[in-house]
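Trainee: Predicted model follows, preceded by the sequence.
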Amino acid sequence: MSTIADFKTAFMPNWCPGCGDFGIWGSLKNALVEKGWGPTDFCLVYGIGCHGHMVNFVKSYAIETLHGRPIPVAQGIRLGNHKLPVIIVAGDGDTFGEGTNHLVHIARRNVKATMLVHDNQVYGLTTGQTAPTAPKSFKTKSTPSGVLEEAVNPIAIALAAGATFVARGFAGDIPKLSKLILEGLNHPGFAFIDILQPCVTFNHVNTYAWYRQHIYDLDENHDVENRAKAFEKALEWGPKVPTGVFYKVEKPTYEEQTPQLDVKSLVEQDLNYQNLESLIDDLV
Amino acid sequence: MICLKTKMDNVSLTIKVGGEAGFGIMASGLLLIRTFSRGGLKAISINDYPSLIRGGHNVILVRVASHEIFATDDVVDILVALNRETIDIHKSEVTDNAGIIYDNESFDVKENDFSRKVSLFAVPLMKLTKELGGDVLMRNTVALGATVALVDYDFSYLKRVIEDQFKSKGQEIIDTNIKLAQAGYDYIQSYHPHGYYKKLKPKMKSQKQVVLTGNEAIGLGSIAAGMKFIAAYPMTPINGLLFYMADKAEKVGYVYKQPEDEIAGINMAIGASFAGVRSMVATSGGGFCLMTEGVSLAGMIEQPVVIIYGQRPGPATGLPTWTTQGDLHFVLNASQGEFPRLVLAPGDIEEAYYLTQVAFNLADKYQTPVVVLVDKYICESYFSIDFDHFQKKIPIERGKIMTEAEQSAQEEVKRYLLTEDGISPRPIPGRKNGIFHSNSDEHDEFGYSTEEARVTKSMIEKRMKKLIAAQKEDRDVILYGDPDAKHTLVGWGSTKGVVLEAMRQLDLAGQKGLVNYIQISWINPFPVDSLKALLSKAKHIVDIEGNHNSPMADWILLKTGITIKDKINKYDGRPFFPSEIIEEILSY
């Protein structure tokens, strides 16, 4: 059994006071403790953005990758050692700016990984440009007259791409988010969780108060195995915004369908191939 | 030194098979080269094809000889024309008394189509194919039988090659193809009994040989090295490697993954490497452009990864299916930031096999990306090579990878421990103890982010120290030929075979002391001392490269201070031919 303290590093978060990242950080650790995992039982794979600083605040096996690239790195880790659970921590820029292509493909592959997207509609680390999730007309430093594009819809993209677990959380409700992350960790496939979080410095519209006013929980009446219903809910953004699990089904993972991984993980396998001569013989 | 036999009965001839794409031209070439190789003859085949699946002109050139050969010239002794276009395009390449096999019932060919004297061998390819119940696309098999008959070669070799090659397609296909080949063979024996004036005989005693491309040699090398994960997005000229690796994955037990793009490919390979397995990617220039930020990530987080880079002419899409050596500077300078980029450039198939294995050892020992730089000519050309050569594999060296016990003795491992040689012990995630952080941000020894000046400086020094350590690995450059030769050619990569063939031909012509050749296969680390020693003794240095700007001459200047004034360049997408090199050398 682990405790929150097991994940403590020598560094305290340098996020702005009140940043939504704190809620996600705390919820993740709660979920890990609840899951019974200690620092050596999984690997965190970070993207780049304010969220990526979390690499310094969680003691665990970890790799901080490039902006937009945590997904392919996580897939490589899963194929190299599919006995090691991976958790992808990414931002809205990572996921819907530079990395959208990767999201689509990890979802349709159903690689077993839990993905936490920090979605605050702005690029905080680079001091306040628009993110792909920002609503139309939203004013930022890079869109002084307002965003001209429609916002991407994270839930609909994940659903369309074939993700087997699609959920939305809120960084301001740590107990619920902890539970949701745990559910993602327990999902035997690709679990996508878009997490709404305020950026207290650069987003003065989508504040804690705004979210609390607008979000509601999908209840037991929502059929999580019905993809069409999930899409219907995914299209809902105002006046109310649904949170919780939109879609959840079980399908074989990419790893399970790869016969080379049936017995041992790649990292456990012997490097010396004994039948090299037969391969050479095929070329005579 | 190259080994030459100068017996009078030496025979060498080149056969060109041409037709529309989709006619099975490439397959014909492979059957032909295997047929001769199994008889102990030396054979090489190179292909020219447009970036199309059907339509367009495809040509395969097979050179076969009773002696050692290193390259082909662009001449034709026997032209197998599956369509009239083949005659029109290649009529100027024929040698005196060339043999022309063509389908006289499908199109007309006259002796005066050619400026040289030729022998026409009409064979009703289509008619024979149809009579024997073959598909029209099988008429190249009839032509193969006819070709083998023309040089009086033992038909049983072709028969066995067909049996092996079509094994997976079932007995019916095998039988039909053998019947068609036999029909072509018999037709020549009946109607053109004298055949072509040069004959090829299988050797009585010969080494067992294999026939393979550079792509396959790289694939075998990676398997011999214990590679466990490869990601490769389709791109000429590494598709042959992709096919080979995808085909053998389940049998051997590694994973081949076709990624959504090359960005994903390199990042997956980095992830697999981080998980502790040997991993690689394969691509060409455009794909490598997409990979460069990933290469930088591998450099920063000190993750071993092997990159197979098959050059083709650019910029942009360029000539997708042709060859070049245009990307040396790009590879040496790829990605942001300062970190060791190791680069090896095999000059032939044997080196492709060997240096791929070396690349995996270097990547693990120095925990940095290693590029194996080849080109379309090496990737896709077939060469007959002694079987024994491929049984020699080099020992796997994984460098400072930590044992489970070493790692588990620590609660948290300093992933970037500062050491004398810059190389830190490398932990693996998922073990019982010893967590660590890999970090693309500048980091301290534990891998936590830092922007502190002193740590930044020491980390850059640490990473660059690894290149100094790797420099101790450097292998001497190889000098081929007479050390006192009048001219010294300096080259890298696929020019090797062509230059050696030019030297062999000059040697036969009594010009042994005219030219020697220095081949550079270790590009970074660079063999500074041995190259300097050789170049300072050379009488007249000529740089030879298949590109416009002679980047190797720049690199030599940078590394040794030696300026090379005379340069031979070719940049039309075609490989060098020995005759071109001889002509250039004779002009000095």
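Mentor: Here it is on my side, so go on. Residues are numbered from 1 along each chain as shown, chains lettered A, B, ... in the order given.
Trainee: got the end-to-end distance for stretch B:334-344?
Mentor: End-to-end span of stretch B:334-344 (Cα to Cα, to the nearest Å): 15 Å.
Trainee: Please tell me how far the closest residue to chain A within the stretch 151-300 of chain B sits from A:H102.
Mentor: Distances between the stretch 151-300 of chain B and chain A by Cβ to the nearest Cβ are smallest at B:G271, namely 2.3 Å. C-beta: built from backbone N, CA, C; applies to glycine. Counting by Cβ to Cβ, to the nearest Å, the separation of B:G271 from A:H102 is 12 Å.
Trainee: what sits in contact with each of these two?
Mentor: A:P72 (Cβ atoms under 8 Å, 6 or more residues apart in numbering or on different chains).
Trainee: of the two, who's got more company?
Mentor: B:G271 (33 against 28; other Cβ atoms under 10 Å in any protein chain shown).
Trainee: what pLDDT does residue 34 get?
Mentor: Assuming you mean chain A. On pLDDT, A:E34 comes in at 98.
Trainee: The chain in question should be chain B.
Mentor: As predicted, B:R34 sits at a pLDDT of 97.
Trainee: same check, this time on B:L52
Mentor: pLDDT for B:L52: 65.
Trainee: again, but for B:K393
Mentor: Taking B:K393 on its own, its pLDDT is 85.
Trainee: How about the one 4 residues further on?
Mentor: Confidence at B:E397, expressed as pLDDT, is 97.
Trainee: residues contacting it?
Mentor: So B:E397 contacts B:N361, B:D364, B:K365 (Cβ under 8 Å, 6+ apart).
Trainee: before we move on, what about B:V477?
Mentor: B:I518, B:Q519, B:I520, B:S521, B:W522, B:P527, B:S530, B:L531, B:L534.
Trainee: B:H548 versus A:A156, what's the distance?
Mentor: 49 Å.
Trainee: With neighbour numbers in mind, choose between the two.
Mentor: Relative neighbour count places A:A156 above the other of A:A156 and B:H548, with 16 against 13, counting by other Cβ under 10 Å.
Trainee: Would you confirm that that one belongs to a helix?
Mentor: Yes. With DSSP: H, G, I helix; E, B strand; the rest coil as the criterion, A:A156 is part of a helix.
Trainee: ok so, going back, just the closest of the contacts of B:E397 to B:T292, please.
Mentor: Using Cβ to Cβ, B:D364 comes nearest to B:T292 of the contacts of B:E397, at 21.8 Å.
Trainee: in what helix or strand does the closest one lie?
Mentor: Using DSSP states H and E, B:D364 sits in helix B:349-366.
Trainee: Downstream of that helix, the next helix or strand is which one?
Mentor: strand B:369-375.
Trainee: Report how far apart the opening and closing residues of stretch B:223-241 are.
Mentor: 12 Å.
Trainee: Does chain A have contacts with it?
Mentor: Yes. For stretch B:223-241, a contact with chain A is found by Cβ under 8 Å from any Cβ of the partner chain, at B:I223, B:A224, B:A225, B:G226, B:K228, B:F229, B:A231.
Trainee: OK, contacts around A:F22?
Mentor: Counting by Cβ under 8 Å, 6+ apart, A:F22 has contacts A:P13, A:W15, A:A171.
Trainee: Which phi and psi values does the residue of the stretch 51-200 of chain A found nearest chain B adopt?
Mentor: The stretch 51-200 of chain A approaches chain B most closely through A:G76 (2.3 Å), counting by Cβ to the nearest Cβ. Torsion angles at A:G76 (phi, psi; degrees, to the nearest 10) stand at phi -60, psi -40.
Trainee: Over to the one 10 residues further on?
Mentor: Reported as degrees, to the nearest 10, the phi and psi values for A:V86 are phi -120, psi 150.
Trainee: hmm, back to that, for the contacts of B:V477, which one is nearest chain A?
Mentor: B:S521 (22.2 Å).
Trainee: Identify the residue nearest the geometric centre of chain B.
Mentor: B:I378 (2.2 Å; Cα atoms, centre = their mean).
Trainee: SS state for that one?
Mentor: helix.
Trainee: Surely it is in contact with B:I349?
Mentor: Yes. Judged on Cβ atoms under 8 Å, B:I378 makes contact with B:I349 at a distance of 7.2 Å.
Trainee: what residues do the two have in common as contacts?
Mentor: Counting by Cβ under 8 Å, 6+ apart, the shared contacts of B:I378 and B:I349 are B:T213, B:G214.
Trainee: now whatever helix or strand B:A217 lives in: how far from the chain's centre is it?
Mentor: Per DSSP H and E, B:A217 falls inside helix B:214-224. Relative to the chain's own centre, helix B:214-224 is displaced by 10 Å; criterion: Cα atoms, centre = their mean, to the nearest Å.
Trainee: Run through the neighbouring helices and strands of it.
Mentor: The helices and strands touching helix B:214-224, judged by 3 or more Cβ pairs under 8 Å, 6 or more residues apart in numbering or on different chains; DSSP states H and E, are helix A:276-281, helix B:239-252, strand B:305-311, helix B:349-366, strand B:369-375, helix B:376-380.
Trainee: So the fourth one, near chain A or not?
Mentor: No. Using Cβ under 8 Å from any Cβ, we find that helix B:349-366 stays clear of chain A, coming within 9.4 Å at best.
Trainee: now that helix against strand B:305-311, angle please.
Mentor: 150 degrees (axes from the mean of the first three to the mean of the last three Cα atoms, to 10 degrees).
Trainee: got the angle between helix B:349-366 and helix B:214-224?
Mentor: Using the same axes, to 10 degrees: helix B:349-366 against helix B:214-224 is 40 degrees.
Trainee: Isn't B:A502 up against B:I581?
Mentor: Yes. At 4.1 Å, B:A502 and B:I581 qualify as touching, with contact defined as Cβ under 8 Å.
Trainee: which parts of stretch B:161-175 are buried?
Mentor: B:V161, B:I162, B:F166, B:I173, B:I174 (16 or more other Cβ atoms under 10 Å in any protein chain shown).
Trainee: Check the gap between the nearest residue to B:Q471 once chain neighbours are set aside and B:G226 for me.
Mentor: Take B:Q471 and drop its neighbours on the chain: the residue closest to it by Cβ to Cβ, 6 or more residues apart in numbering or on different chains is B:P525, 4.5 Å away. Distance, B:P525 to B:G226, using Cβ to Cβ: 23 Å.
Trainee: Tabulate the contacts of B:V477 in CSV, adding columns for pLDDT.
Mentor: Formatted as CSV, these follow (pLDDT from 0 to 100):
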residue, pLDDT
B:I518, 98
B:Q519, 97
B:I520, 97
B:S521, 97
B:W522, 97
B:P527, 96
B:S530, 95
B:L531, 97
B:L534, 97
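Trainee: quick one, the helix holding B:A217 and helix B:239-252 angle?
Mentor: Interaxial angle of helix B:214-224 relative to helix B:239-252 (the same axes, to 10 degrees): 30 degrees.
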